[in-house]
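1. just need the structure, nothing else, for what follows:
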Amino acid sequence: MFNRVFRLIFLWLLPLGLFGCASAPPAPQSVTRPAQAEYAPFVMSGRIAVKHDGERSSATVRWTHSAGADEILLFAPLGQAVARIHREGQRVMLDTPDKHYVAQDAGELTQQVLGWPLPLSGLQYWILALPAPAGTFDIERDGNGQISMLRQDGWAVSYTRYATPAPDSLPLRLALQREGLEIQLLIDEWEMPSLP
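-> Next comes the predicted model:
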């Protein structure tokens, strides 16, 4: 069930469209996963589209990740942030222009506020084309040795575009599917800050 907050946030974002922008996105950087990718900080800029129970929404997204924290900003067409998901250790917060929410799990919090779960604990690995270290998984690879499909924790993650043909290239386009929910990510830019 999509609640009022989800509709308010994403009605502002619908005009963006995930792949239908009038101008071409900036050329993504050709980057590869660092050797210790599971511990590496990253910044990802791109677009997100969500399809859930017949409803569609999209936004521009910027995700800053480190071992102890995550910040995911969702932007409206004119560039103003309309939602912020922030994780510090085991605490997750979601802020909208007029409300502040707190929980222990990002999936439960986004389900409550947005109407669909964001699997942040797994997604921080899946976005790098890696399985999460906890739990079983199944992987299919393409002819280049890149992951084309990853199944874990009830999610099916398909990878349709990478920055380069190299096996350790970072993905540029992926889709997560689970029980009537599809989350697509189109990555325009990767930044991989050095580990301290």
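
2. could you tell me the end-to-end distance of stretch 137-155?
-> 10 Å (C-alpha to C-alpha, to the nearest Å).

3. contacts for that stretch next, please.
-> For stretch 137-155, contacts defined as C-beta atoms under 8 Å, 6 or more residues apart in numbering pick out 119, 122, 126, 129, 131-132, 135-136, 156-159, 162, 165-167, 169, 176-179. In short, each C-beta sits where N, CA and C put it, glycine included.

4. which of the residues you listed count as buried?
-> 119, 122, 126, 129, 131-132, 157-159, 162, 169, 176-177 (16 or more other C-beta atoms under 10 Å).

5. where does pLDDT dip in this structure?
-> 1-30, 35-38, 194-196 (pLDDT under 70).

6. what are the ranges of the strands in it?
-> Here the chain has its strands, by DSSP state E, at 42-52, 55-65, 69-75, 81-88, 91-95, 100-103, 137-141, 147-152, 155-162, 171-178, 181-191.

7. mind putting the ones you listed into JSON lines with distance to residue 111?
-> Formatted as JSON lines, these follow (distance: least, C-beta to C-beta, whole Å):
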{"stretch": "strand 42-52", "distance to residue 111": "10"}
{"stretch": "strand 55-65", "distance to residue 111": "14"}
{"stretch": "strand 69-75", "distance to residue 111": "15"}
{"stretch": "strand 81-88", "distance to residue 111": "12"}
{"stretch": "strand 91-95", "distance to residue 111": "11"}
{"stretch": "strand 100-103", "distance to residue 111": "10"}
{"stretch": "strand 137-141", "distance to residue 111": "23"}
{"stretch": "strand 147-152", "distance to residue 111": "19"}
{"stretch": "strand 155-162", "distance to residue 111": "14"}
{"stretch": "strand 171-178", "distance to residue 111": "12"}
{"stretch": "strand 181-191", "distance to residue 111": "10"}
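
8. for residue 115, find the nearest of the ones you listed.
-> strand 42-52 (6.6 Å; C-beta to C-beta).

9. and that closest one, which strands flank it?
-> Applying DSSP bridges to the sheet, strand 42-52 is found paired with strand 55-65 (antiparallel), strand 181-191 (antiparallel).

10. minimum distance to residue 41: which of these has it?
-> Using C-beta to C-beta, these put strand 55-65 closest to residue 41, at 6.0 Å.
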